[in-house]
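A.B. asks: Sequence first, then the predicted structure:
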Amino acid sequence: MTTARVIAARVIAVANQKGGVGKTTTTINLATALAAVGKRVLIIDLDPQGNASTGLGIPRTRRGVGSYDVLFDDVALEDAAVVSDVPNLSIITSSVDLSGAEIELVGATSREYRLRQAVERSAIEYDYVLIDCPPALGLLTLNALVAAHAVMVPLQCEFYALEGLSHLVRTIERVKRSFNPALDIHGVVLTMFDKRNNLSDMVAADVRGFFGEKVYDTVIPRNVKVSEAPSHGKPVLLYDMRSSGAQAYIHLAGEVLRREKRLTA
Ligand code: ADP
Ligand code: MG
(Lines give C-alpha, C1' and ligand atoms only; values in the text may rest on other atoms or scores of the structure.)
(Ligands and ions follow the chains in the order given, each with its own letter.)
Protein backbone atom coordinates (compact mmCIF):
# COMPACT_ATOMS: atom_id res chain seq x y z
CA MET A 1 0.00 0.00 0.00
CA THR A 2 1.58 3.23 -1.08
CA THR A 3 -1.50 5.41 -1.30
CA ALA A 4 -0.65 8.90 -0.13
CA ARG A 5 -2.54 10.16 2.87
CA VAL A 6 -4.80 12.96 1.76
CA ILE A 7 -6.38 13.44 5.12
CA ALA A 8 -5.04 16.06 7.48
CA ALA A 9 -6.04 14.21 10.62
CA ARG A 10 -3.68 12.47 12.95
CA VAL A 11 -5.01 9.02 13.67
CA ILE A 12 -4.36 7.47 17.09
CA ALA A 13 -5.43 3.94 17.99
CA VAL A 14 -6.11 3.32 21.68
CA ALA A 15 -5.26 -0.34 22.12
CA ASN A 16 -4.59 -3.05 24.68
CA GLN A 17 -5.97 -6.55 24.30
CA LYS A 18 -6.95 -6.63 27.97
CA GLY A 19 -10.45 -5.52 28.85
CA GLY A 20 -11.12 -3.03 31.60
CA VAL A 21 -7.81 -1.18 31.44
CA GLY A 22 -9.28 2.21 30.51
CA LYS A 23 -9.22 2.24 26.68
CA THR A 24 -12.73 3.57 26.28
CA THR A 25 -12.46 5.98 29.20
CA THR A 26 -9.21 7.34 27.81
CA THR A 27 -10.62 7.62 24.28
CA ILE A 28 -13.71 9.56 25.38
CA ASN A 29 -11.99 11.87 27.81
CA LEU A 30 -8.88 12.57 25.80
CA ALA A 31 -11.14 13.30 22.82
CA THR A 32 -13.22 15.68 24.93
CA ALA A 33 -10.16 17.47 26.28
CA LEU A 34 -8.76 17.88 22.75
CA ALA A 35 -12.14 19.11 21.50
CA ALA A 36 -12.27 21.60 24.37
CA VAL A 37 -9.14 23.32 23.09
CA GLY A 38 -10.67 23.64 19.65
CA LYS A 39 -9.43 20.50 17.90
CA ARG A 40 -11.93 18.78 15.62
CA VAL A 41 -12.08 15.23 16.87
CA LEU A 42 -13.67 12.02 15.59
CA ILE A 43 -13.91 8.85 17.68
CA ILE A 44 -14.29 5.56 15.85
CA ASP A 45 -15.88 2.98 18.15
CA LEU A 46 -14.42 -0.32 17.02
CA ASP A 47 -15.60 -2.36 20.00
CA PRO A 48 -18.81 -4.36 19.43
CA GLN A 49 -19.77 -3.58 23.04
CA GLY A 50 -20.23 0.05 22.01
CA ASN A 51 -19.12 1.52 25.32
CA ALA A 52 -17.70 4.66 23.72
CA SER A 53 -21.04 5.29 22.02
CA THR A 54 -22.91 4.74 25.31
CA GLY A 55 -20.42 6.82 27.29
CA LEU A 56 -21.06 9.76 25.01
CA GLY A 57 -24.80 9.37 25.46
CA ILE A 58 -25.59 8.39 21.88
CA PRO A 59 -28.93 6.52 22.03
CA ARG A 60 -29.32 3.23 20.14
CA THR A 61 -31.75 4.95 17.78
CA ARG A 62 -28.85 7.09 16.50
CA ARG A 63 -26.56 4.11 15.91
CA GLY A 64 -28.07 3.01 12.60
CA VAL A 65 -24.98 3.44 10.50
CA GLY A 66 -21.64 2.84 12.14
CA SER A 67 -18.19 1.36 12.03
CA TYR A 68 -19.48 -1.93 10.60
CA ASP A 69 -20.84 -0.10 7.56
CA VAL A 70 -17.58 1.80 7.15
CA LEU A 71 -15.63 -1.48 7.16
CA PHE A 72 -17.94 -3.55 4.97
CA ASP A 73 -20.22 -1.31 2.93
CA ASP A 74 -17.86 1.45 1.84
CA VAL A 75 -19.86 4.00 3.81
CA ALA A 76 -17.83 7.21 4.05
CA LEU A 77 -16.68 8.42 7.48
CA GLU A 78 -18.62 11.65 7.03
CA ASP A 79 -21.84 9.71 6.39
CA ALA A 80 -21.34 7.51 9.43
CA ALA A 81 -20.25 10.18 11.91
CA VAL A 82 -22.79 11.24 14.52
CA VAL A 83 -22.42 14.64 16.16
CA SER A 84 -22.12 14.32 19.95
CA ASP A 85 -23.20 16.79 22.63
CA VAL A 86 -19.56 17.78 23.04
CA PRO A 87 -18.76 20.64 20.65
CA ASN A 88 -16.15 19.62 18.02
CA LEU A 89 -16.59 15.92 18.80
CA SER A 90 -18.26 13.35 16.54
CA ILE A 91 -18.33 9.59 16.79
CA ILE A 92 -18.76 6.66 14.47
CA THR A 93 -20.74 4.33 16.69
CA SER A 94 -20.52 0.58 16.85
CA SER A 95 -23.40 -1.83 16.70
CA VAL A 96 -23.88 -5.51 17.47
CA ASP A 97 -23.17 -6.29 13.77
CA LEU A 98 -19.58 -5.61 14.65
CA SER A 99 -19.38 -8.75 16.80
CA GLY A 100 -19.42 -10.79 13.59
CA ALA A 101 -16.86 -8.54 11.90
CA GLU A 102 -13.85 -10.35 13.27
CA ILE A 103 -14.91 -13.48 11.36
CA GLU A 104 -16.27 -11.66 8.32
CA LEU A 105 -12.98 -9.83 7.90
CA VAL A 106 -11.05 -13.08 7.57
CA GLY A 107 -12.44 -13.63 4.08
CA ALA A 108 -12.66 -9.98 3.04
CA THR A 109 -10.40 -8.41 0.42
CA SER A 110 -7.62 -6.20 1.79
CA ARG A 111 -8.83 -7.23 5.21
CA GLU A 112 -6.15 -5.38 7.17
CA TYR A 113 -6.56 -2.14 5.20
CA ARG A 114 -10.28 -1.55 5.21
CA LEU A 115 -10.33 1.09 7.92
CA ARG A 116 -7.25 2.80 6.53
CA GLN A 117 -8.86 2.98 3.12
CA ALA A 118 -11.99 4.48 4.67
CA VAL A 119 -9.91 7.09 6.50
CA GLU A 120 -8.02 7.93 3.32
CA ARG A 121 -11.27 8.33 1.39
CA SER A 122 -12.67 10.67 4.01
CA ALA A 123 -13.64 14.11 2.76
CA ILE A 124 -14.11 15.92 6.05
CA GLU A 125 -11.20 17.26 7.94
CA TYR A 126 -10.57 16.36 11.51
CA ASP A 127 -7.52 17.23 13.54
CA TYR A 128 -7.63 13.95 15.46
CA VAL A 129 -9.23 10.58 14.90
CA LEU A 130 -9.15 8.38 18.02
CA ILE A 131 -9.95 4.71 17.54
CA ASP A 132 -11.35 2.82 20.54
CA CYS A 133 -10.20 -0.78 20.03
CA PRO A 134 -11.87 -3.96 21.27
CA PRO A 135 -10.13 -6.08 23.94
CA ALA A 136 -8.44 -8.46 21.49
CA LEU A 137 -5.59 -8.48 19.01
CA GLY A 138 -7.74 -9.68 16.13
CA LEU A 139 -8.46 -8.13 12.76
CA LEU A 140 -10.45 -5.19 14.18
CA THR A 141 -7.49 -4.01 16.25
CA LEU A 142 -5.20 -4.78 13.33
CA ASN A 143 -7.34 -2.52 11.13
CA ALA A 144 -6.95 0.23 13.73
CA LEU A 145 -3.17 -0.19 13.91
CA VAL A 146 -2.87 -0.17 10.12
CA ALA A 147 -4.99 2.99 9.87
CA ALA A 148 -3.16 4.81 12.66
CA HIS A 149 -0.14 7.08 12.78
CA ALA A 150 0.41 6.11 16.39
CA VAL A 151 -0.88 3.83 19.11
CA MET A 152 -1.65 4.80 22.68
CA VAL A 153 -1.60 2.02 25.26
CA PRO A 154 -3.57 2.42 28.49
CA LEU A 155 -2.25 0.24 31.32
CA GLN A 156 -4.11 -0.35 34.52
CA CYS A 157 -1.95 -0.05 37.62
CA GLU A 158 -2.51 -3.58 38.90
CA PHE A 159 -0.44 -6.66 39.44
CA TYR A 160 -0.95 -8.16 36.00
CA ALA A 161 -0.43 -4.90 34.10
CA LEU A 162 2.63 -6.04 32.19
CA GLU A 163 1.29 -9.48 31.43
CA GLY A 164 0.44 -9.85 27.77
CA LEU A 165 2.21 -6.62 26.94
CA SER A 166 4.99 -8.34 25.04
CA HIS A 167 2.30 -9.82 22.80
CA LEU A 168 0.96 -6.32 22.11
CA VAL A 169 4.44 -4.96 21.43
CA ARG A 170 5.14 -7.87 19.04
CA THR A 171 1.87 -7.18 17.25
CA ILE A 172 2.81 -3.51 16.83
CA GLU A 173 6.21 -4.57 15.44
CA ARG A 174 4.53 -6.97 13.03
CA VAL A 175 2.17 -4.25 11.82
CA LYS A 176 5.16 -1.96 11.27
CA ARG A 177 7.01 -4.60 9.28
CA SER A 178 4.13 -5.77 7.15
CA PHE A 179 1.52 -3.06 6.85
CA ASN A 180 2.32 0.33 8.31
CA PRO A 181 6.04 1.15 8.65
CA ALA A 182 5.36 4.63 10.01
CA LEU A 183 3.40 3.43 13.06
CA ASP A 184 4.71 4.97 16.30
CA ILE A 185 3.99 4.12 19.90
CA HIS A 186 2.56 7.47 20.95
CA GLY A 187 2.75 6.60 24.60
CA VAL A 188 1.69 4.46 27.51
CA VAL A 189 -0.83 5.94 29.93
CA LEU A 190 -1.09 4.59 33.46
CA THR A 191 -4.73 4.40 34.51
CA MET A 192 -6.66 3.77 37.72
CA PHE A 193 -3.69 4.72 39.82
CA ASP A 194 -4.44 4.37 43.53
CA LYS A 195 -2.10 6.49 45.58
CA ARG A 196 -3.04 4.69 48.82
CA ASN A 197 -1.84 1.41 47.37
CA ASN A 198 1.90 0.67 47.21
CA LEU A 199 1.24 -1.76 44.40
CA SER A 200 0.26 1.12 42.11
CA ASP A 201 3.67 2.73 42.72
CA MET A 202 5.46 -0.54 42.08
CA VAL A 203 3.58 -1.19 38.85
CA ALA A 204 4.21 2.39 37.70
CA ALA A 205 7.94 1.99 38.37
CA ASP A 206 8.00 -1.33 36.49
CA VAL A 207 6.20 0.12 33.49
CA ARG A 208 8.54 3.14 33.41
CA GLY A 209 11.49 0.75 33.59
CA PHE A 210 10.15 -1.15 30.59
CA PHE A 211 8.86 1.70 28.39
CA GLY A 212 11.04 4.58 29.60
CA GLU A 213 10.06 7.95 28.20
CA LYS A 214 7.15 6.47 26.29
CA VAL A 215 5.18 6.56 29.53
CA TYR A 216 3.33 9.86 29.92
CA ASP A 217 4.12 11.84 33.07
CA THR A 218 0.39 12.23 33.62
CA VAL A 219 -1.08 9.37 35.60
CA ILE A 220 -4.87 8.89 35.66
CA PRO A 221 -6.03 8.36 39.25
CA ARG A 222 -8.76 5.95 40.24
CA ASN A 223 -11.67 8.31 40.71
CA VAL A 224 -15.29 7.49 41.33
CA LYS A 225 -16.46 10.38 39.11
CA VAL A 226 -14.75 8.72 36.17
CA SER A 227 -16.67 5.50 36.75
CA GLU A 228 -20.00 7.31 37.30
CA ALA A 229 -19.83 9.53 34.23
CA PRO A 230 -20.69 6.89 31.56
CA SER A 231 -24.01 6.05 33.22
CA HIS A 232 -24.92 9.71 32.69
CA GLY A 233 -23.83 9.50 29.06
CA LYS A 234 -21.17 12.13 29.62
CA PRO A 235 -17.39 12.35 29.55
CA VAL A 236 -16.09 13.02 33.07
CA LEU A 237 -14.94 16.42 31.84
CA LEU A 238 -18.59 17.42 31.48
CA TYR A 239 -19.89 15.38 34.40
CA ASP A 240 -17.51 16.88 36.96
CA MET A 241 -14.83 19.08 35.51
CA ARG A 242 -13.13 19.63 38.84
CA SER A 243 -12.77 15.93 39.69
CA SER A 244 -9.27 14.52 39.83
CA GLY A 245 -10.08 12.26 36.86
CA ALA A 246 -11.18 15.15 34.65
CA GLN A 247 -8.14 17.22 35.61
CA ALA A 248 -5.85 14.31 34.81
CA TYR A 249 -7.31 13.91 31.33
CA ILE A 250 -6.87 17.64 30.71
CA HIS A 251 -3.20 17.25 31.65
CA LEU A 252 -2.88 14.19 29.45
CA ALA A 253 -4.26 16.11 26.48
CA GLY A 254 -1.63 18.81 27.03
CA GLU A 255 1.09 16.19 27.07
CA VAL A 256 -0.32 14.49 23.99
CA LEU A 257 -0.30 17.79 22.09
CA ARG A 258 3.30 18.50 23.09
CA ARG A 259 4.32 15.02 21.97
CA GLU A 260 2.40 15.51 18.73
CA LYS A 261 4.55 18.52 17.95
CA ARG A 262 7.64 16.34 18.26
CA LEU A 263 6.20 13.39 16.33
CA THR A 264 5.02 15.52 13.43
CA ALA A 265 7.99 17.92 13.33
P1 ADP B 1 -11.64 -0.81 28.48
O2 ADP B 1 -12.22 0.05 27.41
O3 ADP B 1 -10.16 -0.99 28.37
O4 ADP B 1 -12.36 -2.13 28.59
P5 ADP B 1 -12.89 1.05 30.31
O6 ADP B 1 -12.41 2.39 29.91
O7 ADP B 1 -14.26 0.65 29.88
O8 ADP B 1 -11.84 -0.07 29.89
O9 ADP B 1 -12.78 0.98 31.89
C10 ADP B 1 -13.17 -0.19 32.62
C11 ADP B 1 -14.00 0.21 33.82
O12 ADP B 1 -13.21 0.96 34.73
C13 ADP B 1 -15.18 1.07 33.48
O14 ADP B 1 -16.27 0.73 34.30
C15 ADP B 1 -14.70 2.48 33.78
O16 ADP B 1 -15.76 3.35 34.13
C17 ADP B 1 -13.77 2.25 34.96
N18 ADP B 1 -12.68 3.21 35.00
C19 ADP B 1 -11.82 3.53 33.98
N20 ADP B 1 -10.93 4.45 34.37
C21 ADP B 1 -11.23 4.73 35.68
C22 ADP B 1 -10.66 5.62 36.66
N23 ADP B 1 -9.63 6.39 36.37
N24 ADP B 1 -11.23 5.62 37.89
C25 ADP B 1 -12.29 4.83 38.18
N26 ADP B 1 -12.84 3.99 37.32
C27 ADP B 1 -12.34 3.94 36.07
MG1 MG C 1 -13.67 -0.44 25.96
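C.D. replies: Okay, I see it. Numbers count the residues shown, from 1 in each chain. Ligands and ions are numbered 1, 2, ... in the order given.
A.B. asks: C-alpha only now, for contacts and for neighbours.
C.D. replies: Noted.
A.B. asks: Could you check which helix or strand contains the residue nearest to Phe179 when sequence neighbours are not counted?
C.D. replies: Computed as C-alpha to C-alpha, 6 or more residues apart in numbering, the closest residue to Phe179 that is not its neighbour in sequence is Val146, at 6.2 Å. For Val146, the element it lies in under DSSP states H and E is helix 139-147.
A.B. asks: what's the spacing between that helix and its chain's center?
C.D. replies: 11 Å (C-alpha atoms, centre = their mean, to the nearest Å).
A.B. asks: What helices and strands are in contact with it?
C.D. replies: Applying 3 or more C-alpha pairs under 8 Å, 6 or more residues apart in numbering; DSSP states H and E, we find helix 139-147 packed against strand 10-14, helix 101-106, helix 114-121, helix 165-178.
A.B. asks: so which of the ones you listed comes closest to Val203?
C.D. replies: helix 165-178 (13.2 Å; C-alpha to C-alpha).
A.B. asks: residues of the closest one that come out buried?
C.D. replies: For helix 165-178, a neighbour-count test (16 or more other C-alpha atoms under 10 Å) marks 165, 168, 171-173, 175-176 as buried.
A.B. asks: circling back to that earlier point, is the helix holding Val146 anywhere near ligand 1?
C.D. replies: No - applying C-alpha under 6 Å from any ligand atom, one finds helix 139-147 separated from ligand 1 by no less than 12.8 Å.
A.B. asks: And the helices in the stretch 51-200 of the chain, which stretches?
C.D. replies: With DSSP state H, counting those that start in this stretch as the criterion, the stretch 51-200 of the chain has helices at 51-55, 67-72, 77-80, 101-106, 114-121, 139-147, 165-178, 198-211.
A.B. asks: which helices and strands sit right next to the third one?
C.D. replies: Secondary-structure packing of helix 77-80 (3+ C-alpha pairs under 8 Å, 6+ apart): helix 67-72.
A.B. asks: Can you list the low-confidence ranges for the protein?
C.D. replies: 1-7 (pLDDT under 70).
A.B. asks: Show me which helix runs longest in it.
C.D. replies: Counting by DSSP state H, the longest helix found in the chain is helix 244-263.
A.B. asks: Buried residues, that one. List them.
C.D. replies: Buried, per 16+ other C-alpha under 10 Å, within helix 244-263: 244-254, 256, 259.
A.B. asks: Repeat that for stretch 231-244.
C.D. replies: Applying 16+ other C-alpha under 10 Å to stretch 231-244 flags 233-240, 244 as buried.
A.B. asks: can you check stretch 85-103 too?
C.D. replies: Buried, per 16+ other C-alpha under 10 Å, within stretch 85-103: 86, 88-95, 98-99, 101.
A.B. asks: Then stretch 9-25?
C.D. replies: Result for stretch 9-25 [16+ other C-alpha under 10 Å]: buried residues 9-18, 21-25.
A.B. asks: Which one of those residues is nearest to Glu158?
C.D. replies: Distances from Glu158 to the buried residues of stretch 9-25, taken by C-alpha to C-alpha, are shortest for Val21, at 9.5 Å.
A.B. asks: and the protein, which of its residues are near ligand 1?
C.D. replies: Counting by C-alpha under 6 Å from any ligand atom, the chain sits next to ligand 1 at 19-25, 191-192, 220-224, 226-227, 245.
A.B. asks: Just those: which are in strands?
C.D. replies: 191-192, 220-221 (DSSP state E).
A.B. asks: out of the residues you listed, which are buried?
C.D. replies: Applying 16+ other C-alpha under 10 Å to those flags 191-192, 220-221 as buried.
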